[in-house]
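*Asks:* the sequence and its predicted three-dimensional model are supplied below.
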Amino acid sequence: MNERVKSMYKHGAFAEIMATKDFIPSKDVGTLPVYFGTLPIHQKMNYEGLVNKPILISSFKEAQTKVGYSDHWEDFTLCEAIYAHFKNNIKPIGPIILINVLDPKVHLLKARSATVKTETVTLTNGIGFIPTYKGILNTVAIDSKVLGEDFKVEYTPDGERIQLTDLKDGLGASVEVTFNEVAPATVTQAEVIGGTNSEGHKTGISVLDLVYQNHNMIPTLLCSPKWSKVPAVDTALKAASQKINGHWYAFVNSDIESSTAKTIDKAKTAKAETGYTSSYEAPCWPMAKNGEGKLFHLSTLATVTMQWVDYENDNVPHETPSNKPIDMIGLVLEDGTTIEYDQIQANELNSKGIRTATYWGGRWVLWGGHTGEYEYGKDMDKRNVFDCSVRMLQYIANTFQSRYGNLVDRPMNRAMVDTILNDMQEWLDGLMAQGKILHGLIGFEEASNPTSDIIEGDFVFDIATTTTPPGKSLTAKICYTSKGLNVLFGGEQ
């Protein structure tokens, strides 16, 4: 209210529209995949800020512009995620976070103890091409010529070679160029796992801690194509997924290697021996091939499928990605060898908590909704049987923290307690009404809040919930009866 109105003489009935004082919670948690690996950032003239940073990508074009793209997925593993999310034939979906550990200044190809390569480039109408997909763009040099003034370089859209353009018609019919090449093969699992370096900067998987503060988004799915088949990397992913920033929970999609585990029996053994047995991961085996001959890690396809299934459900992860279509035409091992088995054999993997794919209903689908902890007949906490159950509990936990974090340090009187109880219960009731949970109840119990804790400012709200189980199997019991024979004699069935 301005000063003129406040001091104005009043005689009559008045009303003023004031600012809202009701509690307005923050928006619910969405599904945000975070990928760890390598990107072709050497394709960019300036790649500062693209190493060990959380990079938000929402489209294929944006990926090409921001971080580059290459079909050489073995070298640039995060390009698999880019393609799988934004170029698949089922449902392109995003956004995603990419965390790249490849640094062109560190991971250089050393040829004959030197890092410089030389090529003679033929120019036609002032344009020529350097035949390399690993050339570091900002290292391209021509003797006595200035990059950006006498010539320019840029990668072709397919990322397969560097286009050189003569800007002053001074290069002639051919020219000798020098450049460095990046060496993705020199990236180590230790660099993917990362930590905190000598300068205090986070690297590798530890960069996960920067996602929330950099983008105001909560990471909920973790994946590292190619690298998660390394047990140490899988262990690091699982460790990082719990209490991110001291708060958030995420689910891990991982892979069991298929270079030596080439059969179903060997995959089951490898899963148990290498520790892919967590309740907050879903290990996958083997790999998949699409119609263009590209090989995908099933962990990547599972992550894509989880995101679009969640999107179809208002970003609530109550539905498993199992039995949902994926963009593939067959199963393969790591070396590209085709492997074939039917749904019965696929169920052998599922019974041991391994996700795979199968052909069903005229299409290829992801197959298996269990967590890595699951094993048929095993005595285990029932909340951990299905991926969607675990993810729903994580979703509720993340949502509670996101909605009420702004109330921290405010006076916790009875009105504030009731505000949280009423708002959260209304939210839980909404999930129940939609069938996304079967039961949800929040309480503020004296037993959970002893005087000693309240004096310290520590308050506990108890939430009881029953997640909605997936219909893993549907069985019809069919019996023969002779009753129908009556119709032969004019009787009724």
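*Replies:* Here it is on my side, so go on.
*Asks:* chain center to stretch 347-358: distance?
*Replies:* Chain-centre distance of stretch 347-358: 21 Å, with C-alpha atoms, centre = their mean, to the nearest Å.
*Asks:* oh, and call the first residue 597 from now on, that's how I've got it
*Replies:* In the new numbering, first residue 597, that becomes stretch 943-954.
*Asks:* run through who's touching it.
*Replies:* Stretch 943-954 has contacts (C-beta atoms under 8 Å, 6 or more residues apart in numbering) with 852, 860, 863-864, 867-868, 873, 878-882, 884, 894, 897-898, 918, 922, 924, 927, 938-939, 942, 960-972. Where you see a C-beta, it was placed from the backbone N, CA and C, and this is true even at glycine.
*Asks:* which residues of the stretch 797-946 of the chain fall in helices?
*Replies:* Using DSSP state H, counting those that start in this stretch, the helices of the stretch 797-946 of the chain run over 807-811, 827-837, 860-869, 894-908, 939-946.
*Asks:* check residue 812 and give its pLDDT.
*Replies:* Residue 812 is assigned 95 on the pLDDT scale.
*Asks:* separation between it and residue 819?
*Replies:* Note on residue 812: its distance to residue 819, by C-beta to C-beta, to the nearest Å, is 21 Å.
*Asks:* of the two, who's got more company?
*Replies:* residue 819 (31 against 8; other C-beta atoms under 10 Å).
*Asks:* need the contact list for the more buried one.
*Replies:* The contact partners of residue 819, by C-beta under 8 Å, 6+ apart, come to 629, 630, 631, 632, 677, 848, 849, 850, 895, 896, 898, 899.
*Asks:* the same query, at a cut-off of 10 Å, please.
*Replies:* Neighbour list for residue 819: 629-633, 674, 676-677, 680, 692, 833, 847-851, 880, 893, 895-900, 902 [criterion: C-beta atoms under 10 Å, 6 or more residues apart in numbering].
*Asks:* residue 684 too?
*Replies:* Taking C-beta under 10 Å, 6+ apart, we find residue 684 in contact with 886, 892, 897, 900, 901, 904, 921, 922, 923, 924.
*Asks:* which stretches of this protein have low pLDDT?
*Replies:* Scanning the chain for pLDDT under 70 picks out the ranges 597-624, 706-710, 1089.
*Asks:* which residues does the nearest residue to residue 629 once chain neighbours are set aside contact?
*Replies:* Leaving out its chain neighbours, the residue that sits closest to residue 629 by C-beta to C-beta, 6 or more residues apart in numbering is residue 817, at 4.2 Å. The neighbours of residue 817, taking C-beta under 10 Å, 6+ apart as the test, are 627-631, 692-693, 837, 846-849, 895, 898-900, 902-903, 906, 913, 987.
*Asks:* I figured residue 839 hits residue 845, correct?
*Replies:* Yes - in this structure residue 839 lies within contact range of residue 845 using C-beta atoms under 10 Å: 7.2 Å.
*Asks:* mind listing what's buried along the helix ranked longest in the chain?
*Replies:* Ranked by residue count and defined by DSSP state H, the top helix of the chain is helix 1010-1029. Across helix 1010-1029, burial judged by 16 or more other C-beta atoms under 10 Å covers 1015, 1016, 1019, 1020, 1023, 1024, 1027, 1028.
*Asks:* export the helix or strand just after it to PDB, keeping only CA atoms.
*Replies:* Using DSSP states H and E, the helix or strand that follows helix 1010-1029 in sequence is strand 1033-1039. In PDB, the C-alpha atoms belonging to strand 1033-1039 read as follows (Å, rounded to 0.1, in the frame of the first residue of the first chain):
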ATOM      1  CA  ILE A1033       0.000 -45.600  -4.700                       C
ATOM      2  CA  LEU A1034      -2.500 -47.800  -2.800                       C
ATOM      3  CA  HIS A1035      -2.000 -46.000   0.500                       C
ATOM      4  CA  GLY A1036      -0.400 -42.800   1.800                       C
ATOM      5  CA  LEU A1037      -0.700 -41.300   5.200                       C
ATOM      6  CA  ILE A1038       1.400 -38.700   6.900                       C
ATOM      7  CA  GLY A1039       1.500 -38.100  10.600                       C
END
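*Asks:* distance from strand 1033-1039 to the middle of the chain?
*Replies:* Distance, stretch centre to chain centre, for strand 1033-1039: 28 Å (C-alpha atoms, centre = their mean).
*Asks:* can I get the contacts of residue 684 in a markdown table with neighbour count and distance to residue 772?
*Replies:* Compiled in a markdown table, those are given as follows (neighbours: other C-beta atoms under 10 Å; distance: C-beta to C-beta, whole Å):
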| residue | neighbour count | distance to residue 772 |
| --- | --- | --- |
| 886 | 20 | 40 |
| 892 | 24 | 40 |
| 897 | 30 | 45 |
| 900 | 32 | 44 |
| 901 | 26 | 49 |
| 904 | 19 | 49 |
| 921 | 17 | 52 |
| 922 | 24 | 48 |
| 923 | 22 | 44 |
| 924 | 26 | 45 |
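*Asks:* which one of those residues is nearest residue 823?
*Replies:* Residue 823 lies nearest to residue 892 out of the contacts of residue 684, by C-beta to C-beta, at 14.5 Å.
*Asks:* so what's that closest one bridging to?
*Replies:* residue 884 (DSSP bridges).
*Asks:* gap between it and residue 898?
*Replies:* 10 Å.
*Asks:* overlap of the contact sets of these two?
*Replies:* Overlap of the contact sets of residue 892 and residue 898 (by C-beta under 10 Å, 6+ apart) consists of 922, 953.
*Asks:* quick one: furthest residue from the center of this protein?
*Replies:* In the chain, counting by C-alpha atoms, centre = their mean, residue 1085 sits farthest out from the average C-alpha position, at 65.1 Å.
*Asks:* how close does that one get to residue 1078?
*Replies:* According to C-beta to C-beta, residue 1085 and residue 1078 sit 13 Å apart.
*Asks:* please apply the same query to residue 798.
*Replies:* Residue 798 sits 74 Å away from residue 1078, going by C-beta to C-beta.
*Asks:* so between these two, which is more surrounded?
*Replies:* For residue 798 versus residue 1078, neighbours defined as other C-beta under 10 Å are more numerous around residue 798 (18 against 6).
*Asks:* pretty sure that one sits against residue 789.
*Replies:* No - here residue 798 does not reach residue 789: they are 11.7 Å apart, not a contact under C-beta under 10 Å.
*Asks:* how many other residues sit next to residue 721?
*Replies:* 7.
*Asks:* what residues are up against it?
*Replies:* Neighbouring residues of residue 721 by C-beta under 10 Å, 6+ apart: 761, 762.
*Asks:* look up how far residue 769 lies from it.
*Replies:* Taken as C-beta to C-beta, the span from residue 721 to residue 769 is 11 Å.
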